[in-house]
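**Q** here's a sequence, model it:
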Amino acid sequence: MDPIRRHLLKAAGLIVASRAFANDQQGTSMQPSSVKPRHVLCFLGKDDSLLQPPKAVARTIADFNFEIDRTYSQAKPDPHMERSFGVCWDRVFPNAWSAADEAAVANHKSVLYVLSPPMDKQKTVAYSAAALRIVEEMIEAGATAVKGESAGVAHGLARWRSLADQARTGAKTSEGLGMTLALAKACRLAFAKRPLGGDRYYETVGYHLLGLPEVYVAKSRGNEWSAVMLMEEIANAMAERGIDATLRDRKLTLSREQDYAEDDFKFNPYGIISIEA
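**A** This next block holds a predicted model:
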C-alpha cells in the first residue's frame, strides 16, 4: 500500500490509527446538526464501460467505504447534463474548463454516481482527499467529465488532475495523521462552489465537505472577486486556527438559517457565517 493511501485510510479511521485527526474542529459554540455530509461524485463516460470501473478503481472506492449508486447511474446519456455542467463550471480559476470538456459533456453516453459514507466532522478532509483520489483514478480509467454534486461544482479534466496533484503534495508533507493546510485547501478548491449570487450575499456552498461553515459576504461590500478573496481568507483562518478562534477574532457569529433542507446534500450542518457591509 502506498504511503499516501495508507495515510488517508488512517485519517479516515478505516485502519487503526494512533491518534485522532489533528485539525478537529469540534467545540464551536453553536450546537451542530446531527446531519453528516456526503460526497456525491458524478462521472460521465463515452460508453457503458464507465459503469464497471476497473478492478483497481473499484478497490479504491471500496477501501474508502465509498459506493457506486446503481439506482441513478445509467448506460445512456442524461439530457440535463449540458445545462447542469453549464451552471456548475468553476468560474473563479482561469481556464478551469475547455471547449473539449464542454464537448465531452455534450457527447457523453453514460453516467456514474459514486457516494461517500456520511462523514464525521473530524474526518471530512481525509474523505474529501479520498474523493479527489477517486476522481483522479476515474479520469485515468476513461471518465470524460466530472462534477461534485454536493456543492454543484465542475472542473475540466486538466484542472481536476491539477487539484489531485496539489492534494497529493499536501498529503506527502503531512506530519503523522495531521492534514496540512495545503491538502485541505486543495480539497476545498475542488469541491466547494463560490461565489453564488443570492439576493443580498455572495455565498459559498460545499464548505461542509471540509468540516467548515459556509461564508456569505454582503454584496454591498464589493464585487464578486473581492468576495471570493474574503471567503478564502476566512476559510484559511478557520482551517488553520479553528472556527471558534476565527469567529472570536473577527467578531463574527454562526447562524443556523439557510436555504437548504437537512435532506439536501448541500445542507451545511455547521452553519453559516454572514459578513455584513
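**Q** three-state assignment of N95?
**A** What DSSP: H, G, I helix; E, B strand; the rest coil gives for N95 is coil.
**Q** any idea how far V205 lies from P213?
**A** Going from V205 to P213 by CB to CB, to the nearest Å gives 11 Å. Where C-beta positions appear, they are placed from N, C-alpha and C, glycine not excepted.
**Q** common neighbours of those two, please.
**A** By CB atoms under 8 Å, 6 or more residues apart in numbering, V205 and P213 have these common neighbours: N268.
**Q** look at these two and report which has more neighbours.
**A** Each of V205 and P213 has its neighbours counted (other CB atoms under 10 Å); P213 has more, 29 against 24.
**Q** residues contacting that one?
**A** 207, 238, 243, 254, 268, 270-273 are the contacts of P213 under CB under 8 Å, 6+ apart.
**Q** and the nearest residue to P54 once chain neighbours are set aside, how many residues sit next to it?
**A** Sequence neighbours aside, A141 is the residue nearest to P54 in space, at 5.2 Å (criterion: CB to CB, 6 or more residues apart in numbering). Using other CB under 10 Å, A141 has 16 neighbouring residues.
**Q** look up phi and psi at A141.
**A** Backbone dihedrals for A141, given as degrees, to the nearest 10, come out at phi -80, psi 0.
**Q** which helices and strands sit right next to the biggest strand by length in the chain?
**A** Assignment by DSSP state E gives strand 67-74 as the longest strand of the chain. If you count contacts as 3 or more CB pairs under 8 Å, 6 or more residues apart in numbering; DSSP states H and E, strand 67-74 packs onto strand 110-115.
**Q** neighbouring strands for the strand it packs on, and are they parallel or not?
**A** strand 40-45 (antiparallel), strand 67-74 (antiparallel) (DSSP bridges).
**Q** would you mark the buried spots in the last one?
**A** If I follow you right, that is strand 67-74. 68, 73-74 (16 or more other CB atoms under 10 Å).
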